[in-house]
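Trainee: Here's my sequence, what's the structure:
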Amino acid sequence: MTWLPLCIMLAIASLYYVFYLPGRLYLGPEKTRAGYLRERKDAVYENLRDLNFEYKAGKVPDTDYESLKTSLQDEAATLLAEIARLEKDSPPALRKTRI
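Mentor: Residues are numbered from 1 along each chain as shown. Got it, this is the predicted structure:
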């Protein structure tokens, strides 16, 4: 009969371990619009590199390559324009430099 209290204690300990939240949670750095745009720009450039690799490997037809490349380049240009606009509008003290 000692197994029932042990099972209950184990269940309580397991629930405490799973659902306990400490007093302070670190949620990471605050996201800004410019930060989001830079992350998106990096993703678009990576997609362009992957597309070029796939095309040179012969996995993507010419027509698909041209349309995908054009759409990715248009998106990159839009992102770069918005990043430049945000950096121009923001005060110099708030601009973050990239290393």
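
Trainee: show me what contacts the residue nearest the centre of the chain?
Mentor: Residue closest to the average C-alpha location in the chain (C-alpha atoms, centre = their mean): residue 39, at 6.2 Å. By C-beta atoms under 8 Å, 6 or more residues apart in numbering, the contact set of residue 39 is empty. The way it works is simple: take the backbone N, C-alpha and C, and place the C-beta from them, glycine included.

Trainee: just to confirm, which helix or strand has it in it?
Mentor: helix 33-56 (DSSP states H and E).

Trainee: Residue 4 now?
Mentor: Using DSSP H and E, residue 4 falls in helix 3-19.

Trainee: what about that helix, average pLDDT?
Mentor: For helix 3-19, the mean per-residue pLDDT is 91.

Trainee: Can I get that helix in PDB? Just the C-alpha atoms.
Mentor: Taking C-alpha atoms only, helix 3-19 is exported to PDB below (Å, rounded to 0.1, in the frame of the first residue of the first chain):
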ATOM      1  CA  TRP A   3       3.000   2.500  -3.800                       C
ATOM      2  CA  LEU A   4      -0.100   4.800  -3.900                       C
ATOM      3  CA  PRO A   5       1.400   7.700  -1.900                       C
ATOM      4  CA  LEU A   6       4.600   7.300  -3.900                       C
ATOM      5  CA  CYS A   7       2.700   7.500  -7.200                       C
ATOM      6  CA  ILE A   8       0.800  10.600  -6.000                       C
ATOM      7  CA  MET A   9       4.100  12.200  -4.800                       C
ATOM      8  CA  LEU A  10       5.700  11.400  -8.200                       C
ATOM      9  CA  ALA A  11       2.700  12.800 -10.100                       C
ATOM     10  CA  ILE A  12       2.800  16.000  -8.000                       C
ATOM     11  CA  ALA A  13       6.600  16.400  -8.500                       C
ATOM     12  CA  SER A  14       6.200  15.800 -12.200                       C
ATOM     13  CA  LEU A  15       3.400  18.400 -12.600                       C
ATOM     14  CA  TYR A  16       5.400  20.900 -10.600                       C
ATOM     15  CA  TYR A  17       8.500  20.300 -12.700                       C
ATOM     16  CA  VAL A  18       6.600  20.700 -16.000                       C
ATOM     17  CA  PHE A  19       4.400  23.700 -15.100                       C
END
